[in-house]
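*Asks:* here is my input, please return the structure:
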Amino acid sequence: MNLQGDEPLAPASGIRKVASLLAASNAPMATLATRIESIDELFDPNCVKVVCDTNGLALYFTRAPAPWAREAFARSRDAVPAGMPFLRHIGIYAYRAGFLRRFAALPRTPLETVEALEQLRALESGFAIAVAEAPEPFPPGVDTPEDLARVERFLAGRS
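*Replies:* Okay, the predicted model is just below:
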């Protein structure tokens, strides 16, 4: 299990969910996502998006808005288009032990390098990543100094 440091407010239910997803899947790796509700989040390059197939396997991870809703965005970019679940990737992973050793030995790939997203190394190397929606709301991660200040305020208020 790997909960990335930029997810300090991750709920325990998310950790349990990604572990059970891996156990129920044939994929060597699993992760979580949550729906994007804000157009600002959809266009934010710090918010990593994931596009999945009909079996819940990742097709691609990107910092760009994806999938690109061509008709909707031709009309307006003021709201998240309806009819398609836009998903924010959450920085939590479960790996099978043997795969983790193999993954760590893989060389960086072109897509991983250009997007600066290590999970693309697995996809580009032909490995599946199972994706499920988080079982409860996942607080935004920490990607900017403003995000860090928000989390620090939240944690200070809890003590």
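
*Asks:* check contacts around the closest residue to residue 38 other than its chain neighbours.
*Replies:* Closest residue to residue 38 apart from its sequence neighbours, by Cβ to Cβ, 6 or more residues apart in numbering: residue 80 at 6.9 Å. Quick note: C-beta positions are derived from backbone N, CA and C, even for glycine. Neighbouring residues of residue 80 by Cβ atoms under 8 Å, 6 or more residues apart in numbering: 36-39, 42, 86.

*Asks:* what do you get for residue 144?
*Replies:* Residue 144 sits in contact with residue 46, where contact means Cβ under 8 Å, 6+ apart.

*Asks:* for residue 30, same thing?
*Replies:* With Cβ under 8 Å, 6+ apart, residue 30 has these contacts: 18, 21-22, 93-94, 129-132.

*Asks:* please, where are all the helices along this structure?
*Replies:* Assignment of helices within the chain using DSSP state H yields the ranges 12-24, 39-43, 70-75, 97-105, 110-115, 119-124, 145-158.

*Asks:* by mean pLDDT, show me the worst of the ones you listed.
*Replies:* Of all the helices of the chain, the minimum mean pLDDT falls on helix 145-158 (a mean of 84).

*Asks:* with only the CA atoms kept, save that one in PDB.
*Replies:* Extracted C-alpha coordinates of helix 145-158, given in PDB (Å, rounded to 0.1, in the frame of the first residue of the first chain):
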ATOM      1  CA  PRO A 145       1.400  26.300  -1.000                       C
ATOM      2  CA  GLU A 146      -2.300  27.400  -0.800                       C
ATOM      3  CA  ASP A 147      -3.400  23.700  -0.400                       C
ATOM      4  CA  LEU A 148      -0.800  23.200   2.400                       C
ATOM      5  CA  ALA A 149      -2.000  26.300   4.200                       C
ATOM      6  CA  ARG A 150      -5.600  25.000   4.000                       C
ATOM      7  CA  VAL A 151      -4.600  21.600   5.400                       C
ATOM      8  CA  GLU A 152      -2.600  23.200   8.200                       C
ATOM      9  CA  ARG A 153      -5.600  25.400   9.200                       C
ATOM     10  CA  PHE A 154      -7.800  22.300   9.100                       C
ATOM     11  CA  LEU A 155      -5.400  20.300  11.300                       C
ATOM     12  CA  ALA A 156      -4.900  23.200  13.700                       C
ATOM     13  CA  GLY A 157      -8.700  23.400  14.200                       C
ATOM     14  CA  ARG A 158      -8.800  19.800  15.200                       C
END
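
*Asks:* re earlier: can you pick out the most distant pair from the contacts of residue 30?
*Replies:* Farthest pair in the contacts of residue 30 (Cβ to Cβ) is 93 and 132. Separation: 12.3 Å.
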